[in-house]
Structure formats: structure tokens, C-alpha cells
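**Q** Here is my input, please return the structure:
(one chain, ligands or ions: 1)
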Amino acid sequence: MISIVSSNTRRMLLFSLLSYAAGIQWVQAQEANDPKLTEVWTPEPKVVTPGAVYGQAPSDAIVLFDGTSLDQWVNVKDTTQPAGWTVADGILTVNKKAGNIQTKQSFSNYQLHIEWRIPANITGSGQGRGNSGVFLASTGPGDDGYELQVLDCYNNKTYVNGQTGSIYKQAIPLANACRKPGEWQSYDIVWTAPVFSEAGDLLSPAKVTVFQNGIVVENGFELKGQTLYIGKPYYKKHGPSPIKLQAHGDKSEPLSYRNIWVRPL
Ligand code: MG
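**A** Below you'll find the model as predicted:
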């Protein structure tokens, strides 16, 4: 068969094949330089309108305390009962007798904004000076949960893994960003809930990033488990959980909260 194809024809065939291959290479080179190839257009992020000023709830936030009522909260000792803390003049003040309070709703991953104020006339020292706490997940009766410490550490020494901005007894804050007693302070928190298998094994730990007064104090910290007063932290399986605020048993003057909102992620 070969013999009946002339050498000219063979040369033309070879030339055509080489030209075709060169053409493919040229197209591939052009495509590799095309910026459009790495553009992604869907899914589009939802539109969220920011608050007019820093700290104001954005359009999609769930407002947990707007200065008027504690409708979004219940008492931890008996979750059928009202929270029992004091609402006056647009702020929420801890009632130590009532105990801890928690949100009616449960959350997994979220962004939380919360403002708090240590009384100007605060007394006490160490852990007994304006102690409260934001429990990032209140995992159930008898559990410790995961506490982001609230304390007056403006001029007050305590163990550093228990000072303001610490993940209690697990993470020393990256800075002491405390304002003076009497001044309002803020936490902006990004919480990633831990993930458990059906059997209760930990698949991925909880992670948290916290800004105190705009200063990063926890940067993607991976929790070792629940934050315990005594002993080593450990995990215990849970699902979506309420957010809890602590009524600490110390004798110092109770602190106040305001402007609390959350955005489930
Ligand atoms: Mg505390």
C-alpha cells in the first residue's frame, strides 16, 4: 500500500500533521494566558448591608439584645424561666443571684458582636474583679462549655490564661487590650463549632478568632476541649448550642452588657 502513495503525498501529510499539532499547542498557550479561565462567577455572595457605624448590627444579624428586652434569653438553671438579669437605660446588668443566662436559639458557626462595661467603681482583685464570660457554646447541663473570659484586667494581675481575652485556661490572649473600668468595650468573635462523628469522636476541633476593642486577641485558636476550672480540657459530643453569659460568683460589682448580635455562618 505504501508504495502506491507518492513521497510528495507523504511529505504533505506529515506537514499537515505537524501544522495541526503546532496549532493545538498555540491554542493551549493562548488559553493558559487567559485570565478569564480562573474567574468564578457563581454562587454570588448574599448582599448584607453593614451598620451605619462600627458595631451596629448589619442587615442579616439576629439581634440578641437591643437595649429593651431579654426576650431572646432564658435562665440556665431553668430554661423555661426568664433570664432574670436587669434591663435599664438600654443596658443589661448581671444579676448574680439569678445565675447564668443563655440564648433561646442554638447556633453552630457564627459571628458575634457583644459590648460590655466593668463598673467604674469596681473592687476586688485577680479573678474576683469584674468576672463574667461569654460561653461560645453552652453544651448542656453540667457541662463547662467554652469560655471567652470577661474580667477587669486594666490594672489587675491574674494568671495569663485566665485574663480578659483568654480562652479560659487554654489560650493566652495575644494582647491585653483592656480599656479602663467605666468604659464600654467590645468583643467581635468568629466561632467555628467542633465537629463530631456519629459515635462522638472529634472530627475537627472548635476554632475561634476574637477582636477586643478592634485588637486581635485570639487568632484562629483551636480549642483542646471545654474550658475547665480544674483539670485537662476534653471534648464531649454536642450539636448546635445556645450562647451563654456568666454570672460569676465573686463579690465585685456586677458588670453590664449591651448591643449583642449574631450572624450564623
Ligand atoms: Mg469568667
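**Q** So the residue in the chain that the ion sits nearest to versus Q246, what's the distance?
**A** Nearest residue of the chain to the ion: G133, at 3.3 Å (CB to the ion). For glycine as for every other residue, the C-beta is placed from the backbone atoms N, C-alpha and C. For G133, the distance to Q246 (CB to CB, to the nearest Å) stands at 4 Å.
**Q** Which neighbours do the two have in common?
**A** Counting by CB atoms under 8 Å, 6 or more residues apart in numbering, the contacts common to G133 and Q246 are 147, 150.
**Q** Quick check: closest non-adjacent residue to P264.
**A** With CB to CB, 6 or more residues apart in numbering as the criterion, P264 has its nearest non-adjacent residue at 5.1 Å, and that residue is Y110.
**Q** Okay, and the residue of the chain closest to the ion sits in which element?
**A** G133 is part of strand 132-135, with elements assigned from DSSP states H and E.
**Q** And the next helix or strand past that strand?
**A** strand 147-150.
**Q** quick revisit: tally of neighbours for the residue of the chain closest to the ion?
**A** 21 (other CB atoms under 10 Å).
**Q** can you pull the contacts of V190?
**A** 110-111, 208-210, 265.
**Q** which of those come close to the ion?
**A** The subset of these within reach of the ion, by CB under 5 Å from the ion, is empty.
**Q** Between the residues you listed, identify the one with the most neighbours.
**A** Going by other CB under 10 Å, V210 tops those with 26 neighbours.
**Q** Work out for me the element it sits within.
**A** strand 207-212.
**Q** who does that strand touch, helix- and strand-wise?
**A** Helices and strands touching strand 207-212, as assessed by 3 or more CB pairs under 8 Å, 6 or more residues apart in numbering; DSSP states H and E, comprise strand 184-192, strand 215-222.
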